[in-house]
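*Asks:* here is a sequence with its predicted model. Questions after.
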Amino acid sequence: NAGVTQTPKFQVLKTGQSMTLQCAQDMNHEYMSWYRQDPGMGLRLIHYSVGAGITDQGEVPNGYNVSRSTTEDFPLRLLSAAPSQTSVYFCASSPLSSGSKDEQFFGPGTRLTVL
Amino acid sequence: AQTVTQSQPEMSVQEAETVTLSCTYDTSESDYYLFWYKQPPSRQMILVIRQEAYKQQNATENRFSVNFQKAAKSFSLKISDSQLGDAAMYFCAYRTHHGSSNTGKLIFGQGTTLQVKP
């Protein structure tokens, strides 16, 4: 049971390049989400999904695309990287049910630098 | 929309002493969940403690406890007998109760960096 995995751990891009951040979970969680963490701003929700084939925007979705073709995987695509997207990105998953005991499990994060 | 505010960017505490981290939030909902997460230098997000808004009793987990004041929309974290391993960034987070379309979405505060002095 690997939990939530993210690849790569570090990435440097040039402005205008595209790339995909990978996220996978092996806990059969319906809910998956992507956050970005910036200094002084905490974690902000980019996109989320409540199940395969269903995605929705979070607080800061511009410049990012997601898809959810399987329960396990939830990749985040940067279409044309910009320096403003330099950040640490976290993927998280949880069961989609009631209760505070449904802890969100976070991946180890990806540090992305856009030059 | 819900917001979470942590007004203390940095705090420090002497080892073995007690420290309290502050968090306030704004919501029009009556039922929700509140969390404190710890992020050590490894970047891993670790759940420290959780509170259900409909429960009046403050949650406790070993050396960690909260002071939940629903009317004041305040949710502070108290760390007793601070240890060097408690040094980290701490995030307060809010989550809507099950039944709304926002189920699962966490709203985070800005974070408080805690330094523990030996």
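*Replies:* That came through, no problem.
*Asks:* contacts, neighbours, all on C-alpha from now
*Replies:* Noted.
*Asks:* stretch B:70-79 near chain A at all?
*Replies:* No: judged by Cα under 8 Å from any Cα of the partner chain, stretch B:70-79 stays clear of chain A, getting no closer than 15.3 Å.
*Asks:* tell me which residues of that stretch are tucked away?
*Replies:* B:74-79 (16 or more other Cα atoms under 10 Å in any protein chain shown).
*Asks:* ok, stretch B:4-14 next?
*Replies:* So for stretch B:4-14, counting by 16+ other Cα under 10 Å, buried means B:4-6, B:13.
*Asks:* okay if I get the residues you listed as a markdown table plus pLDDT, secondary structure and distance to chain A?
*Replies:* A markdown table is the format used below for those (pLDDT from 0 to 100; DSSP: H, G, I helix; E, B strand; the rest coil; distance: Cα to the nearest Cα, whole Å):
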| residue | pLDDT | secondary structure | distance to chain A |
| --- | --- | --- | --- |
| B:4 | 96 | strand | 10 |
| B:5 | 96 | strand | 10 |
| B:6 | 97 | coil | 10 |
| B:13 | 97 | strand | 21 |
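*Asks:* show me the contacts for residue B:69.
*Replies:* residue B:75 (Cα atoms under 8 Å, 6 or more residues apart in numbering or on different chains).
*Asks:* what is it paired to in the beta sheet?
*Replies:* Beta-bridge pairing of residue B:69 under DSSP bridges involves residue B:74.
*Asks:* cool, residue B:12 as well?
*Replies:* Beta-bridge partners, per DSSP bridges, of residue B:12: residue B:115.
*Asks:* I'd say it and residue B:89 touch.
*Replies:* No: at 11.4 Å, residue B:12 does not count as touching residue B:89 under the criterion of Cα atoms under 8 Å.
*Asks:* which residues are in contact with both of these two?
*Replies:* Joint contacts of residue B:12 and residue B:89 (Cα under 8 Å, 6+ apart) are residue B:114.
*Asks:* so how far is residue B:49 from the residue of chain B found nearest chain A?
*Replies:* When scored by Cα to the nearest Cα, chain B has residue B:110 as its residue closest to chain A, at 4.0 Å. As judged by Cα to Cα, to the nearest Å, residue B:110 and residue B:49 stand 17 Å apart.
*Asks:* for residue A:77, grab the count of nearby residues.
*Replies:* 17 (other Cα atoms under 10 Å in any protein chain shown).
*Asks:* now do the contacts for residue B:67.
*Replies:* B:58, B:74-78.
*Asks:* so what's it closest to, chain neighbours aside?
*Replies:* Sequence neighbours aside, residue B:76 is the residue nearest to residue B:67 in space, at 5.2 Å (criterion: Cα to Cα, 6 or more residues apart in numbering or on different chains).
*Asks:* ok, the one you found touching residue B:66?
*Replies:* Yes: Residue B:76 lies in contact with residue B:66 (Cα under 8 Å); the separation is 5.5 Å.
*Asks:* about what we covered before: who's more crowded, residue B:110 and residue B:49?
*Replies:* A count of neighbours by other Cα under 10 Å puts residue B:110 above the other of residue B:110 and residue B:49, at 26 against 19.
*Asks:* does the more buried one really touch residue A:38, like I thought?
*Replies:* No: taking Cα under 8 Å as the definition, residue B:110 is not a contact partner of residue A:38, at 9.1 Å.
*Asks:* let me see the contact set for the residue nearest the centre of chain B.
*Replies:* In chain B, the centroid-proximal residue (Cα atoms, centre = their mean) is residue B:36; its distance is 3.0 Å. By Cα under 8 Å, 6+ apart, residue B:36 lies in contact with B:47-50, B:77, B:90-93.
*Asks:* again, only using 10 Å
*Replies:* B:21, B:23, B:46-51, B:64, B:66, B:75-77, B:90-94, B:108-109, B:111 (Cα atoms under 10 Å, 6 or more residues apart in numbering or on different chains).
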